[in-house]
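Colleague: I need the structure of the sequence given here:
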Amino acid sequence: HNRLPLFRKIFCILIAVPIALLANGLRVAALVGIGDIILEPVEGIPHIAIGVCTFLFGMAAVFLLT
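Modeller: Next up is the predicted model:
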């Protein structure tokens, strides 16, 4: 983002890694939790939908920083 000060740009870059790790952790936890409930691996459309939702969460978090 062109109008952000340099320190804010650096902060956004540094905080993007923990946000990505958090989103991925939520994805894995959701897949494991749902898999435990239905007693089989989560595959196909539900797996993709959970991945898209956590990706959108991560992108929204980064967007709100800027």
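
Colleague: what sits against the residue at minimal distance from the centre of the chain?
Modeller: Per Cα atoms, centre = their mean, the C-alpha nearest to the average position across the chain is that of residue 23, at 2.7 Å. By Cβ atoms under 8 Å, 6 or more residues apart in numbering, the residues touching residue 23 are 54, 55, 57, 58, 61. Yep, even glycine has a C-beta here, placed from its N, CA and C like the rest.

Colleague: Who wins on neighbours among the residues you listed?
Modeller: Within those, most neighbours by other Cβ atoms under 10 Å means residue 54, with 21 neighbours.

Colleague: and of the contacts of residue 23, the nearest to residue 15?
Modeller: Distance to residue 15 across those (Cβ to Cβ) is lowest for residue 61, with 8.6 Å.

Colleague: So for stretch 37-52, what gets flagged as buried?
Modeller: Residues 42, 47, 50 are the ones in stretch 37-52 that count as buried (16 or more other Cβ atoms under 10 Å).

Colleague: Now do the same for that stretch: mean pLDDT, whole number.
Modeller: Stretch 37-52 carries an average pLDDT of 94.

Colleague: got the end-to-end distance for that stretch?
Modeller: Terminal residues of stretch 37-52 lie 21 Å apart, using Cα to Cα, to the nearest Å.

Colleague: could I get the buried residues of stretch 37-52 as CSV with secondary structure?
Modeller: Output for the buried residues of stretch 37-52, formatted as CSV (DSSP: H, G, I helix; E, B strand; the rest coil):
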residue, secondary structure
42, coil
47, helix
50, helix
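
Colleague: Which one of the residues you listed is nearest to residue 18?
Modeller: Out of the buried residues of stretch 37-52, the member with the shortest distance to residue 18 (by Cβ to Cβ) is residue 50, at 20.1 Å.

Colleague: my guess is the closest one contacts residue 31, does it?
Modeller: Yes. Judged on Cβ atoms under 8 Å, residue 50 makes contact with residue 31 at a distance of 6.0 Å.

Colleague: what do these two both touch?
Modeller: Shared contacts of residue 50 and residue 31, counting by Cβ under 8 Å, 6+ apart, come down to residue 42.
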